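Participant: coordinates only, sequence not included:
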């Protein structure tokens, strides 16, 4: 179980989950390919194959770091709240009631639009603004928050009437 599942309120259900985009792995994979090329070159030049494999320690570390960052980041929309957790050792969390979310902003560069990733800005009451970069399908995440907020308002006594 992850952070989101462990912190759900009684009767609360998750409607949408998001992850960080796979672009997180591009740099580490390219570094690994470069490392493999150096290992091949070192072995071809007569270096000890076992010592030349030490070249791959740094690329392996970057791949592991990217995987842990991807695995330990959670983004979810429930029927009552927006829940976000990032970080491995140092943790950054955001749990905001749908009624307290004032604005959801999405920023995408050209590459972000092409590969469907971007930065989300969650603004709560009191003008607190939280930024989360590199999210896969940020427009879908925003749409899920908006849909959950409308559904929540319609369920509340004295809320907006259903159309």
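Facilitator: Received, thanks. Model, not experiment: these values are computed from the prediction.

Participant: okay, residue 80: pLDDT?
Facilitator: pLDDT recorded at residue 80 is 92.

Participant: I meant residue 65, not that one.
Facilitator: 94.

Participant: Any idea how many residues pack against it?
Facilitator: Per other C-beta atoms under 10 Å, the neighbour tally for residue 65 reads 13. Every C-beta, even on glycine, is put in place using the N, C-alpha and C of the backbone.

Participant: hang on, it in a helix?
Facilitator: Yes. Counting by DSSP: H, G, I helix; E, B strand; the rest coil, residue 65 is found in a helix.

Participant: Could I get the contacting residues of the closest residue to it other than its chain neighbours?
Facilitator: Distances taken as C-beta to C-beta, 6 or more residues apart in numbering put residue 28 closest to residue 65, at 7.4 Å, once the chain neighbours are dropped. Taking C-beta atoms under 8 Å, 6 or more residues apart in numbering, we find residue 28 in contact with 59, 62, 63, 65, 66.

Participant: hang on, residue 28 in a helix?
Facilitator: Yes. Secondary structure assignment places residue 28 in a helix (three-state DSSP).

Participant: Look up how far residue 60 lies from it.
Facilitator: As judged by C-beta to C-beta, to the nearest Å, residue 28 and residue 60 stand 9 Å apart.

Participant: which one among the contacts of residue 28 gets closest to residue 84?
Facilitator: residue 66 (19.0 Å; C-beta to C-beta).

Participant: How much space separates that closest one from residue 138?
Facilitator: Look at residue 66 and residue 138: by C-beta to C-beta, they are 19 Å apart.

Participant: Neighbour count: those two, which is higher?
Facilitator: Between residue 66 and residue 138, counted using other C-beta under 10 Å, the more crowded position is residue 138 (26 against 19).

Participant: how close does the more buried one get to residue 145?
Facilitator: Distance of residue 138 to residue 145, computed by C-beta to C-beta: 11 Å.

Participant: Mind listing residues that contact stretch 87-101?
Facilitator: Contacts of stretch 87-101 from elsewhere in the structure, counted by C-beta under 8 Å, 6+ apart, are 3, 7, 68-69, 72-73, 80-86, 122-125, 130, 132, 145, 148-149, 152-153.
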